[in-house]
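Chemist: Sequence and predicted structure below; questions after.
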Amino acid sequence: MIKRLAFCALAVSLAHAPLGASEDPYQKLLDAMASEEFMMEGTEDTMRTMMVSEFERDADMVAFEEECPGVYSSMTDAMMPTLLRSHRRAVGEYRTDLLALFRDRLSVEDAAGAAEFYASENGQALVRLAGDSVQYGNAMDEIRDSEDMVVSEESFAADKEATRKEIKANLEPVLAREVGLKLLGEPWFARFLALRPEMDALELKLMNDDFTPEEDAEVDAALDRALTAKMDECYPAE
């Protein structure tokens with residue numbers, strides 16, 4: 001559950017990063033919109049914050065922390081290495097799928113045009129705004145309230161609509177005019193826009209990524225060791 005809650009905060013927006021050195025227009029477009037460096041940036045801090053927030057929603061955990069201070073941090077520290085590796089794996093899979101989508105549906109000329117725009121000052125400003133405006137309240141509520149802890153297409157779509165409204169509310173008029181005029185005149189834009197449903201589906205897949213069996217076993221073992229050590233610390237044998 002913690003991993004999916006953290007993904008809600010991390011994975012539902014476009015990522016911002018400068019282009020890499022690749023001469024491949026498809027790779028340039030991917031790196032302009034969703035570089036691994038940016039998608040991993042701040043991951044640990046976000047996951048730690050989300051984990052503490054979830055612990056504090058559980059009355060038993062709150063009581064345990066009061067009686068045995070440091071339980072939250074011990075559990076978080078134990079899980080973090082696997083959480084970070086798991087997220088990097090999922091991000092890699094997402095980027096691979098996104099790159100394949102670009103190659104399949106965009107011509108070389110379209111990819112080059114899109115990459116040029118999204119690497120530009122205005123393009124990066126738009127991508128940053130999208131990231132800053134992301135909404136995920138419906139997804140968070142659904143994960144907390146459902147047994148399978150999976151985000152549905154309906155909740156995802158509702159958050160996407162809320163994000164679009166937030167972007168519109170925060171978009172500076174000058175930027176809106178410059179970007180609008182630029183994109184309307186670009187021959188690649190309509191074909192790129194047509195990819196949005198598939199791109200959204202990949203984001204939803206990323207959000208619903210869960211531990212592999214190996215990662216799950218690793219987390220269980222780490223938590224068991226951490227809790228045993230903490231119990232020995234707080235309740236030493238007579």
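Modeler: Noted; the coordinates are in hand. Numbers count the residues shown, from 1 in each chain.

Chemist: Just the residues contacting stretch 88-100, thanks.
Modeler: Applying CB atoms under 8 Å, 6 or more residues apart in numbering, the contact partners of stretch 88-100 are 7, 11, 26-27, 30, 33-34, 36, 39-40, 199, 202-203, 205-206, 209, 212. C-beta coordinates here come from the backbone N, C-alpha and C atoms, glycine included.

Chemist: Mind listing what's buried along it?
Modeler: Across stretch 88-100, burial judged by 16 or more other CB atoms under 10 Å covers 90-91, 94-95, 97-99.

Chemist: buried sites along the helix or strand hosting A217?
Modeler: Using DSSP states H and E, the element containing A217 is helix 213-234. If you call a residue buried by 16+ other CB under 10 Å, then helix 213-234 has these buried ones: 215, 218-219, 222, 226-227, 230.

Chemist: Which strands or helices does it pack on?
Modeler: Using 3 or more CB pairs under 8 Å, 6 or more residues apart in numbering; DSSP states H and E as the contact test, the elements touching helix 213-234 are helix 71-105.

Chemist: after the helix it packs on comes which helix or strand?
Modeler: Helix 71-105 is succeeded, C-terminally, by helix 108-119 (DSSP H and E).

Chemist: how far off helix 71-105 does that following helix point, in degrees?
Modeler: Calculated by axes from the mean of the first three to the mean of the last three CA atoms, to 10 degrees, helix 108-119 forms an angle of 140 degrees with helix 71-105.

Chemist: contact partners of helix 108-119?
Modeler: 18-19, 25-26, 28-29, 32-33, 102-103, 106, 123-124, 126-127, 182-183, 186-189, 191-192.

Chemist: Tell me the buried residues in that helix?
Modeler: Neighbour-count burial for helix 108-119 [16+ other CB under 10 Å]: 110-119.

Chemist: okay, and the helix or strand of this protein with the least pLDDT?
Modeler: Between all helices and strands in the chain, the lowest mean by mean pLDDT, DSSP states H and E belongs to helix 2-10, at a mean of 60.

Chemist: Next secondary structure element downstream of it?
Modeler: Criterion used, DSSP H and E; the element after helix 2-10 is helix 25-34.

Chemist: Now find how far off-centre the helix or strand following that following helix is within its chain.
Modeler: Moving toward the C-terminus from helix 25-34, the next helix or strand (DSSP H and E) is helix 36-40. On the basis of CA atoms, centre = their mean, to the nearest Å, helix 36-40 sits 9 Å off its chain's mean C-alpha point.

Chemist: buried ones in helix 36-40?
Modeler: Neighbour counts over helix 36-40 (16+ other CB under 10 Å) mark 36, 38-39 as buried.
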